[in-house]
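**Q** need coordinates for the following:
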Amino acid sequence: MKLALKIDVDTYRGTREGVPRLVEILKRYDARATFLFSLGPDHTGRAIKRIFRRGFLRKVARTSVTSHYGLTTLLYGTLLPGPDIGRRCASILRQVRDAGFEVGIHSHDHVRWQDRVLDADAQWTAREMEAAAQRFEAIFGVPATVHGAVGWQMNRHAFRLEQRMGLSHASDCRGTHPFIPLWNAEIIDCPQLPTTLPTLDELIGRDGLTEANVADHVLALTAKPPATGHVYTLHAELEGMKLAPVFERLLAGWLDQGYELTDLAGLRAALDVTQLPYHEVVLREIPGRSGRLCVQGEAFPAHG
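**A** Next up is the predicted model:
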């Protein structure tokens with residue numbers, strides 16, 4: 001019974017404040033996790049352009065963006081210059097690795113990826129991924145082995161690049177179990193470990209869920225473990241800050257349910273990759289989140 005914790009780190013503030021707090025919490029519960037870092041400039045303020053995206057304003061209203069991210073962060077890239085996360089926070093990132101946690105790539109420019117990747121061409125996609133990969137290697141001294149896409153948004157060029165980069169595994173999709181991805185019937189030979197559970201920002205403010213009861217809702221979803229385990233995605237800006245008490249309730253509850261709290265590498269090590277099924281990756285909307293996401297689609301015969 002494995003439950004992998006995947007931590008998306010989106011912002012400068014989340015890196016400086018949320019990441020160290022999460023490391024402290026995880027150590028207290030003897031839990032492993034994968035930290036996926038945004039490695040270039042924090043341009044969070046430019047996300048205001050999403051105001052015209054269906055569902056964006058509802059999500060902002062539900063999740064109290066200012067209280068989670070802070071006013072300064074919401075001005076980065078507009079009225080304030082965006083701080084370079086990788087350059088300013090390299091020591092924090094290495095401390096996470098040195099504490100024994102798996103580290104990987106989330107993005108170079110978080111907002112730019114989420115706003116443009118779905119329609120981007122091969123050249124744009126390669127520039128973004130190569131910038132992130134080069135920064136990661138400059139910080140850690142080794143190439144990355146895991147990638148988790150911003151907003152679960154990818155394109156065919158990005159999937160191809162993951163294969164060329166020789167990644168051990170990736171977590172770019174939403175789904176129910178590990179698989180080998182197909183994009184328009186093209187095999188991408190990099191195992192996907194999809195996020196299987198809804199995130200707190202997708203749940204809070206919907207269907208009567210609040211900070212007080214959302215942990216009970218998530219724990220009800222994990223009461224019966226699937227054979228291949230779960231992947232839960234959290235955010236340094238949420239569970240590492242204001243929602244840290246909710247996260248601690250989840251950790252305690254999962255341990256009571258009998259889960260081994262691991263990282264993506266631990267989940268991947270437990271799999272026979274040669275027997276993973278192929279699944280087409282499709283773009284869909286999901287409740288509580290704006291825009292289209294990469295979702296695990298139709299199944300095909302077993303890999304290998």
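
**Q** list the buried residues for stretch 179-191?
**A** Within stretch 179-191, the residues that count as buried by 16 or more other C-beta atoms under 10 Å are 179, 180, 181, 182, 183, 188, 190, 191. (Glycine included, C-beta is placed from N, CA and C.)

**Q** so which residues of the stretch 51-200 of the chain form helices?
**A** Using DSSP state H, counting those that start in this stretch, the helices of the stretch 51-200 of the chain run over 56-63, 65-69, 71-75, 85-88, 90-98, 110-116, 122-140, 156-164, 200-203.

**Q** and the longest one, what's its mean pLDDT?
**A** Helix 122-140 comes out with an average pLDDT of 98.

**Q** report the angle between the axes of it and helix 156-164?
**A** Put simply, helix 122-140 runs at 40 degrees to helix 156-164, going by axes from the mean of the first three to the mean of the last three C-alpha atoms, to 10 degrees.

**Q** re earlier: between the helices of the stretch 51-200 of the chain, which one is nearest to residue 270?
**A** helix 156-164 (20.7 Å; C-beta to C-beta).

**Q** how far off centre is that closest one?
**A** A distance of 17 Å separates the centroid of the chain from that of helix 156-164, by C-alpha atoms, centre = their mean, to the nearest Å.

**Q** what's it packed up against?
**A** Counting by 3 or more C-beta pairs under 8 Å, 6 or more residues apart in numbering; DSSP states H and E, the packing neighbours recorded for helix 156-164 are helix 122-140, strand 180-183.

**Q** count the residues that sit near the nearest residue to residue 191 once chain neighbours are set aside.
**A** The spatially closest residue to residue 191, leaving aside those adjacent along the chain, is residue 169, at 4.8 Å (C-beta to C-beta, 6 or more residues apart in numbering). Residues lying near residue 169 (other C-beta atoms under 10 Å) number 24.

**Q** quick one: residue 169 from residue 217, how far?
**A** Using C-beta to C-beta, to the nearest Å, we find residue 169 at a distance of 28 Å from residue 217.

**Q** also residue 247?
**A** In terms of C-beta to C-beta, residue 247 sits 14 Å off from residue 217.

**Q** which of the two has more neighbours?
**A** residue 247 (23 against 16).

**Q** thank you kindly, that will do.
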